[in-house]
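> Predicted structure and sequence below. I'll ask about it afterward.
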Amino acid sequence: MAYQTYTTEAIVCGSFASKTADKSYMLFTRDAGMVYATARSVREERSRQRYALQDFSLVSVSLIKGKSGWRIGSVEAIRNYFLESALRAVRTSVFKQVRLLRRYVQGETPDSALYAEVKQQLDTLVSPVLSNRLVVEQVAHTRLLHHLGYIALAQPLSSLVNGSFSEVLPKLTQVALSKKLALAISQADTVSHL
């Protein structure tokens with residue numbers, strides 16, 4: 001029986017060791033949503049996939065849907081958001097964004113708009129000269145939670161979720177927004193079932 005192979009772009013959100021040399025991965029894909037997939041013998045030294053499938057990596061991956069779930073075929077590394085910068089603040093921003101993805105994005109529901117939004121946010125957050133990093137992180141988290149339906153925003157915050165992420169960034173001159181965004185995120189945390 002031949003299995004269908006899907007090639008898509010994905011962000012590696014986490015990995016878990018299984019068996020002797022296998023590993024399971026949590027992949028946020030453009031075409032299938034959040035997917036759990038296994039890779040055989042990836043923990044062995046001779047494995048070519050082990051370097052591409054590091055946490056926080058953006059990869060092009062071939063996924064095979066089998067009887068027991070998803071399997072990883074071939075992988076090509078595009079970039080690793082975490083390892084690109086030596087600055088602790090940048091790495092913390094990337095970690096927080098991926099942690100939020102792991103917490104709130106559930107199931108194999110394709111959402112290419114959400115994927116594009118998250119990728120654009122990560123591309124912005126890896127900039128080492130980002131002014132007002134805390135506010136930018138909060139806007140990224142708020143946009144993600146709003147897209148997933150966890151929070152509804154009233155004025156003046158509703159303008160932060162309209163348009164692309166790069167269009168919103170020039171509007172972030174007020175530090176006073178930080179408290180309102182923190183309140184919106186904390187309200188989403190109380191609603192969350194996780």
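Noted; the coordinates are in hand. Residues are numbered from 1 along each chain as shown.
> List the contacts of Phe80.
Actually, residue 80 is Asn. It isn't Phe. Counting by C-beta atoms under 8 Å, 6 or more residues apart in numbering, Asn80 touches 54, 56-58. All C-beta spots, glycine's among them, are computed from the backbone N, C-alpha and C.
> how close does it get to Ala113?
24 Å (C-beta to C-beta, to the nearest Å).
> How about Thr7?
On the measure of C-beta to C-beta, Thr7 and Ala113 end up 20 Å apart.
> between those two, which one's more packed in?
Thr7 (12 against 9; other C-beta atoms under 10 Å).
> Convert the helix or strand encompassing that one to CSV, retaining C-alpha atoms only.
Using DSSP states H and E, Thr7 sits in strand 5-18. Coordinates of each C-alpha in strand 5-18 appear next as CSV, following Å, rounded to 0.1, in the frame of the first residue of the first chain:
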residue,chain,number,x,y,z
THR,A,5,3.6,12.2,1.0
TYR,A,6,3.1,15.9,1.9
THR,A,7,5.9,18.4,1.5
THR,A,8,5.4,21.5,3.5
GLU,A,9,7.2,24.2,5.5
ALA,A,10,7.2,23.8,9.3
ILE,A,11,8.5,25.3,12.5
VAL,A,12,9.9,22.7,15.0
CYS,A,13,8.1,23.6,18.3
GLY,A,14,9.5,20.7,20.4
SER,A,15,11.0,17.3,20.4
PHE,A,16,10.7,14.2,22.6
ALA,A,17,13.0,11.2,22.7
SER,A,18,11.4,7.8,22.1
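> That strand packs against which elements?
strand 22-29, strand 33-39, strand 57-66, helix 88-104, helix 112-125 (3 or more C-beta pairs under 8 Å, 6 or more residues apart in numbering; DSSP states H and E).
> which of the ones you listed sits most buried?
strand 22-29 (a mean of 21; mean count of other C-beta atoms under 10 Å).
> residues making contact with that one?
8-18, 34-43, 53, 61, 63, 72, 101-102, 105, 110, 115, 118.
> quick one: low-confidence parts of this structure?
Residues of the chain that meet the criterion pLDDT under 70 lie in 1-2, 154-157, 170-181, 184-185, 187-194.
> So if we follow the domain assignment, how does this structure break up?
5-80, 88-191 (automatic domain parsing).
> residues touching the closest residue to Gln106 other than its chain neighbours, list them.
Closest residue in space to Gln106, ignoring its immediate chain neighbours: Met34 at 6.2 Å, by C-beta to C-beta, 6 or more residues apart in numbering. Each residue near Met34 by C-beta under 8 Å, 6+ apart is listed here: 13, 26-28, 101, 105-108.
> For Met34, give the beta-bridge partners.
The partner list for Met34 in beta bridges (DSSP bridges) reads Phe28.
> quick one: it and Ser57, what's the gap?
16 Å.
> thinking again about what came up before, take the helices and strands packed on strand 5-18 and write them to JSON lines, including distance to His141.
Formatted as JSON lines, the helices and strands packed on strand 5-18 follow (distance: least, C-beta to C-beta, whole Å):
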{"stretch": "strand 22-29", "distance to His141": "15"}
{"stretch": "strand 33-39", "distance to His141": "17"}
{"stretch": "strand 57-66", "distance to His141": "19"}
{"stretch": "helix 88-104", "distance to His141": "6"}
{"stretch": "helix 112-125", "distance to His141": "9"}
